[in-house]
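K.L.:
here is a sequence with its predicted model. Questions after.
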Amino acid sequence: MSLAGSLMTGLMLAWVLGGTVWLLTTRTYRITQVGRFAMDLLGFPVELTQSLFGRGGVPYALLLPNMAIFGLFTFAPMILNFYVSFTGGSSIILFERPWVGWEKYGDIFSCENFLEPRTCENAGYNFFTGLYNTLWFVVIQVPIMCSVALLTAIVVNRDIKGRGFWRAMFFYPVMLSPVVIANIWNWVLHRKGVLNETLDGATGALNALAGLSGFDMVMTVSLAVILMVVTERALRSASEPSTAWTGVFAVILTLLTAWANPLSLLGLSGSFWLGLALGLFLVWLVASGKSAARTAIMGAAFLAAVMLLSIQFSTVFDLGSYRPNNWLVTPNTGWPFFWLVFVFCWSHMGFYMLILLAGLQAIPRDLYEAAKMDATRPWRAFTRITLPLVMPTLTVVIILSLIRSFQIFDEVYLLTGGGPGRETYMIVQNIYEVAFTDSSPDYGQAAAGSVLMAAIIAIFTFGQLWLTRRQSDL
């Protein structure tokens, strides 16, 4: 019998024999009370704990086994890891590792300029390269993740058809293992993958369409129809324009302004930012309930139609033969990093959506009914009711996603391996490679890196908590 089996057998025998002796010495049972004796024997640990520690100590006594397991498998490894970071050698046995003090940390921080990893020695170069890539990933991914999760939770919280189906579909990727997720997206993104095949087919169809009727005409008519539908939807309401459809219209206006490039007539650049400013101004007018919102949308629609007629789509889009792109290994394009952010959000968003959905469902419906009776606009109801009341839950989501983003490893290692070059090389991958894949593993160096990473995560977490608590106090 294994050690675990022997321990479990001994524990059960102590429970049964000790409980039997304790119950028979403190109580009297008849032969017909066998069932009562069995139930008392089952609850023997609770009764014994209450007799030893009193009623107030029972909860703490019941938590003690869980805390012991938590301490054994969480706190003890943390303490051992901290100790290992001050030791050297290649032995995995703790007592055979010599004490080297701050040497491992000194190797990491031996840099001329901490903002330039190339000025560091090998350990510092790998560590700070992974750290800066990870920080950049966190800065981009966490806002996107939280925003998409909140928007999705708001949508699936409404009374829509197939609401349970959509909730399950958004949560389903969370149940997949990172290996499955990486294989799925490798199948989609490699050179002969689904994405390249789809783009190749779409390019071929557009080339054929352009040859039959002229690409400019087809694109102009198609976008004109889309523009008409979106404008009609934005102005459909008899009272005030729709904020959501105005946002869609703003996106189309931004793209049309960037393509038409009207500032080039004046010898200037920056048409995209001009379109973005116009689009945001329209959204602000509608969300604020300004009286000029409808007039502004109609004027912007006329401006968009003029720009649409001025665009030569055949010069904007390259309709030549499509060249397949390996999205995960092409350097200096930003695509590998982009797809890491996308895949990470796709695979984890459902978990945070579920937490936010619980927070949204805890908001009393009476508040929305009262706001509706007061003719409150949806955007104002969101900023004044939904967002403040869901903020505690959103804070939890931000902190959890922040910690999880710092710990990203599986998706990166399986999709890009940290490449191309060092573009997607993350801090956890550096710790893993130093400890387990190098020809001469350095457990002390890896432990020092993990301690520094834990300190950085703690700083970000406590900073977020402090900011949130300060805002709530205001």
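P.N.:
Looks like it arrived, so ask away. Numbers count the residues shown, from 1 in each chain.

K.L.:
so what touches stretch 401-416?
P.N.:
134, 137-138, 141-142, 145-146, 178-179, 181-183, 185-186, 189, 328-329, 336, 339-340, 343-344, 347-348, 352, 418, 423-424, 426-429, 432, 453, 456-457, 460-461, 464 (CB atoms under 8 Å, 6 or more residues apart in numbering). To be clear about C-beta, it is placed using only N, CA and C from the backbone, and glycine gets the same treatment.

K.L.:
just say helix, strand or coil for Ser291.
P.N.:
coil (DSSP: H, G, I helix; E, B strand; the rest coil).

K.L.:
number of residues surrounding it?
P.N.:
8 (other CB atoms under 10 Å).

K.L.:
for it, give its distance to Ala300.
P.N.:
Distance, Ser291 to Ala300, using CB to CB, to the nearest Å: 16 Å.

K.L.:
inside helices: which ones of the contacts of stretch 401-416?
P.N.:
134, 137-138, 141-142, 145-146, 178-179, 181-183, 185-186, 189, 336, 339-340, 343-344, 347-348, 352, 427-429, 432, 453, 456-457, 460-461, 464 (DSSP state H).

K.L.:
show me how to select, in ChimeraX, the buried members of these.
P.N.:
Remark: buried members of the ones in helices among the contacts of stretch 401-416, expressed as a ChimeraX selection using 16 or more other CB atoms under 10 Å:
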select :134,137,138,141,142,145,146,178,181,182,185,189,336,339,340,343,344,347,348,352,427,428,429,432,453,456,457,460,461
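
K.L.:
ends of stretch 428-442, how far apart?
P.N.:
15 Å (CA to CA, to the nearest Å).

K.L.:
now swap in stretch 428-448 and tell me
P.N.:
End-to-end distance of stretch 428-448: 12 Å, with CA to CA as the criterion.

K.L.:
show the average pLDDT along it.
P.N.:
Average pLDDT, stretch 428-448: 89.

K.L.:
cool, and stretch 301-312?
P.N.:
On average, stretch 301-312 scores 85.

K.L.:
and Arg158, how close does it get to Gln361?
P.N.:
With CB to CB as the criterion, Arg158 and Gln361 are 11 Å apart.

K.L.:
repeat for Asn81
P.N.:
40 Å.

K.L.:
look at the two and report which has more neighbours.
P.N.:
Asn81 (16 against 10).

K.L.:
and the closest residue to that one other than its chain neighbours, what does it touch?
P.N.:
Spatial nearest neighbour of Asn81, chain neighbours left out: Ala447 (5.0 Å); criterion: CB to CB, 6 or more residues apart in numbering. Neighbour list for Ala447: Asn81, Phe82, Val84, Ser85, Lys104, Ala435 [criterion: CB under 8 Å, 6+ apart].

K.L.:
shouldn't the fifth one be in contact with Val84?
P.N.:
No: in terms of CB atoms under 8 Å, Lys104 does not count as a neighbour of Val84; the distance is 9.1 Å.

K.L.:
joint contacts of those two?
P.N.:
In terms of CB under 8 Å, 6+ apart, Lys104 and Val84 are both contacted by the residues Gly444, Ala447.

K.L.:
what is the neighbour count of Ala362?
P.N.:
The burial count for Ala362: 11, using other CB under 10 Å.

K.L.:
next: the one 3 residues further on.
P.N.:
A total of 8 residues lie near Arg365 under the criterion other CB under 10 Å.

K.L.:
ok, it to Gly124 distance?
P.N.:
Distance, Arg365 to Gly124, by CB to CB: 56 Å.

K.L.:
what do you get for Trp379?
P.N.:
Distance of Trp379 to Gly124, given as CB to CB: 48 Å.

K.L.:
same question, Val139
P.N.:
Val139 is 22 Å from Gly124, by CB to CB.

K.L.:
ok, Phe281 next?
P.N.:
For Phe281, the distance to Gly124 - CB to CB - is 47 Å.

K.L.:
can you check Thr393 too?
P.N.:
39 Å.

K.L.:
how long is stretch 261-272 end to end?
P.N.:
End-to-end distance of stretch 261-272 (CA to CA): 8 Å.
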